[in-house]
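Trainee: Here is my input, please return the structure:
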Amino acid sequence: MEKDNILVSYSDVDISRSGTPILSKIGFCIRAGELVTIEGPIGSGKSSLFKTLYVDLPISGGQANVLGYNIKGLSDRKISQLRRRMGIVFQDYQLFDNKTVYDNLYFVVDSIGYKPEGISIEDHIDRVLQKVGMEDKRGTFPHMLSGGERQSVAIARAIVCNPELIIADEPTGNLDEASATHIASLLSTLAKDGAGVIVATHDEAAFRGVPHRSLRIEGDRLAE
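Mentor: This is a model prediction of the structure:
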C-alpha cells in the first residue's frame, strides 16, 4: 500500500501511568481500509494503548503519528482537531439515556458542526442507522434496546461524522456470541468502506469470521 494510506504509525513507543511502565517499544501501523485487532487479556494494557491514540494518555517515549499528527506534546487545539477525525466506540456504549437513538446521533453532528454533502442531516442520520441495521429504532431510548442493539447505535454514533479512523475498545465485551459476531461483521464492513478500524478485544472468536490483521500484547510488548 502507498504511504499516504497509513493512518497510524507507532515506533518504539513506551506507555506508562503515574510513572509505572505498561507497554514498551510498541511498533505498528494501521492503514485505511484495514481492520486490526489488538488482543490480550483484561489488564494487559489495551485500553492504555488506545487512550494514546486519541491523546487521553501521553506516550512516554518513542514516536507516534496519528492521522498526520505527531501526538507527542500536541496542543489542546490540535487534540480537538484530531479527535474530530475519529470515531470512538466504548464497551459500555456511553449513550445518552434521556435521548432517542436519533437524538444521540444528532447531538454529535450538532456538537461538531458536521454538514453532510448533498443531503439533509436527518436523511444522513437515517442512512447511518440503516447501515448498522437500526433504522427502525430511531425513536427508541437506549434503555429499551438489547446490548447488541446499543452497541450498534454506539457504532452509528461513532461513524456519523464520517471518521477516517474508528477506535473500538472491547466493543464485544458485554455481548452474547451472536451479538458479538454481528458487531465484528459490522466493523469489518466499515473497514471495507475505507476507514481504518482498530479494535481492542479479548474475544478472539468473534473476529475469526472476518478479514483482519491480529496483533497481540505479550508481556509489555506487541507481537504480530
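
Trainee: in stretch 51-58, what's buried?
Mentor: 51-55, 57 (16 or more other C-beta atoms under 10 Å). C-beta: built from backbone N, CA, C; applies to glycine.

Trainee: any idea which of these is the one closest to Thr100?
Mentor: Tyr54 (26.5 Å; C-beta to C-beta).

Trainee: The closest one against Ile167, yeah?
Mentor: Yes: between Tyr54 and Ile167 a contact is recorded at 6.6 Å, counting by C-beta atoms under 8 Å.

Trainee: Please, where are all the helices along this structure?
Mentor: Here the chain has its helices, by DSSP state H, at 46-53, 76-83, 101-112, 121-131, 147-159, 177-192.

Trainee: contacting residues around Lys115?
Mentor: By C-beta atoms under 8 Å, 6 or more residues apart in numbering, the contact set of Lys115 is Ile121.

Trainee: Please read the previous query as pertaining to Leu215.
Mentor: 28, 36-39, 222-224.

Trainee: rewinding a little: for Pro21, find the nearest of the helices of the chain.
Mentor: Short answer: helix 46-53, nearest of the helices of the chain by C-beta to C-beta, at 10.6 Å.

Trainee: Which strands or helices does the closest one pack on?
Mentor: With contacts defined as 3 or more C-beta pairs under 8 Å, 6 or more residues apart in numbering; DSSP states H and E, the packing partners of helix 46-53 are strand 6-17, strand 20-31, strand 35-39, strand 165-169, strand 196-201.

Trainee: Just want the angle from that helix to helix 76-83.
Mentor: Interaxial angle of helix 46-53 relative to helix 76-83 (axes from the mean of the first three to the mean of the last three C-alpha atoms, to 10 degrees): 110 degrees.
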